[in-house]
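S.K.: compute the structure for the input listed below.
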Amino acid sequence: MVGMSWQVTILVAVVLLVSFLGQKASPRFRHLLWCLVLLKLCLPPSLAFVTGIGHWLPSTPAAHIESRSETPAPVGPTVDTVGDISSSTTAPADTVVPCTTVFLSSTLAKAAGPEVRKPTVQPSWSEIMFGVWIAGMVGMIGLLSLQYARIRRSLLASRLVGDPKIMSLLGEIKENLQVKSHVRLLAAPRLASPILMGLLRPRIVIPADALKELPERQLKAVILHELAHFRRRDLWVNWVQVILQTIYWFHPLVWLANFRLRQEGEMIVDDLVLTYLEGDHQTYGTSLVNVVKQAARKYLLAPGYVGIVETMSLLCIGATPTFGGSFG
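M.R.: The predicted structure is shown next:
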């Protein structure tokens, strides 16, 4: 874990430097750079290849030093002698058996050595740090579970959209984006902002108020945004980010890498949406503002969801889309 942390630190520093020098590069290029950090986190710190000489060398076990304690030469009668003495029935009258017994008892006591006391077991620093790491992961899982449950509660009253006009709009957008998969469109009255969810059963969930109040062109921009996330498979990337963030919760540069990866991903999606809106910045910007105005809660990272509020969060901190990409 320590070796991986240092390697990730160096890699993030290199990616930050390249990103700074390539500020005019496309968001796709910067997004690819930050994907390298995720790839590194998914690999072990060191890899053994069959082409390396170390793979074919026999493993040499560590030298074991056997400490042999020299047994002192027996002084006085041995155990056999004790047996002879104890079994003798014709001992002379002047033989002092009690003295021999005392001598043998003291000799055996010296051979046994002093009484060994078990030392007090204290946890090592590595054990303490391991416990802290486990506690941090449990805390991360708890926070993500709370956020996941909160979003799920807001989806309890969701229902399939049956408006033919809106479904026709969804079909038109899917055709433009060349999306062949079946993506359902749901309306949720308690949802704060539009989200894309479901790895195996993808669905776009839009607040019911947004479906009623947004003009058709602004609604098209919202659906375009979510379908662009689906086409780029951002839900899968989001799951990988959440898992790695839970494991490396202690590493601040992993948090930074995840933030920058989501930032660049949102810029790519914004470029794609504006490409299909023929550069209509005003419509797209207005639709984002209207959606965020309807959001009653702040967006938090949760597994299995991506949404349009991410773009507005980036705009609030000063990150603006480049407005010029294409699907390519």
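S.K.: buried ones in whichever helix in the chain runs longest?
M.R.: If you go by DSSP state H, the chain has its longest helix at helix 125-154. Neighbour counts using 16 or more other Cβ atoms under 10 Å place 140, 144, 147-148, 151, 154 of helix 125-154 among the buried residues. To be clear about C-beta, it is placed using only N, CA and C from the backbone, and glycine gets the same treatment.
S.K.: how about those residues in CSV, adding pLDDT?
M.R.: Converted to CSV, the buried residues of helix 125-154 look like this (pLDDT from 0 to 100):
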residue, pLDDT
140, 94
144, 91
147, 87
148, 87
151, 86
154, 86
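S.K.: is it true that residue 161 touches residue 212?
M.R.: No - here residue 161 lies out of contact with residue 212, judged by Cβ atoms under 8 Å, at a distance of 11.3 Å.
S.K.: looking at those two, which one has more neighbours?
M.R.: residue 161 (18 against 10; other Cβ atoms under 10 Å).
S.K.: local confidence estimate at the more buried one?
M.R.: At residue 161, the model reports a pLDDT of 93.
S.K.: nearest residue to it in space, please, no chain neighbours.
M.R.: residue 185 (4.5 Å; Cβ to Cβ, 6 or more residues apart in numbering).
S.K.: now do the SS call for that neighbour.
M.R.: strand (DSSP: H, G, I helix; E, B strand; the rest coil).
S.K.: residues in contact with it?
M.R.: Taking Cβ atoms under 8 Å, 6 or more residues apart in numbering, we find residue 185 in contact with 160-161, 166-167, 170, 203-204, 206, 223.
S.K.: try 7 Å
M.R.: Residues near residue 185 by Cβ atoms under 7 Å, 6 or more residues apart in numbering: 161, 166, 170, 204.
S.K.: of those, which is the most crowded?
M.R.: residue 204 (24 neighbours).
S.K.: before we move on, back to that, any idea which helix or strand comes after the longest helix of the chain?
M.R.: Proceeding N to C from helix 125-154, the next assigned helix or strand is strand 159-160, under DSSP states H and E.
S.K.: can you list the strands that that next one pairs with?
M.R.: strand 184-188 (antiparallel) (DSSP bridges).
S.K.: mind listing what's buried in the strand it pairs with?
M.R.: Applying 16+ other Cβ under 10 Å to strand 184-188 flags 185-188 as buried.
S.K.: against which helices or strands is the next helix or strand after it packed?
M.R.: With elements assigned by DSSP H and E, the helix or strand that comes after strand 184-188 is strand 195-197. Contact analysis of strand 195-197 by 3 or more Cβ pairs under 7 Å, 6 or more residues apart in numbering; DSSP states H and E lists strand 203-207, helix 216-231, strand 305-307 as its packing neighbours.
S.K.: looking at those, which is closest to residue 250?
M.R.: Nearest to residue 250 among those is strand 305-307 (24.5 Å), distances taken as Cβ to Cβ.
S.K.: tell me the mean pLDDT for the closest one?
M.R.: Strand 305-307 comes out at a mean pLDDT of 57.
S.K.: follow-up on the earlier one: most widely separated two among the contacts of residue 185?
M.R.: For those, the farthest-apart pair by Cβ to Cβ is 166 and 204; their separation is 11.0 Å.
S.K.: tell me, please, the helix or strand in the protein that averages the lowest pLDDT.
M.R.: Least confident helix or strand, the chain: helix 53-56 with a mean of 41, by mean pLDDT, DSSP states H and E.
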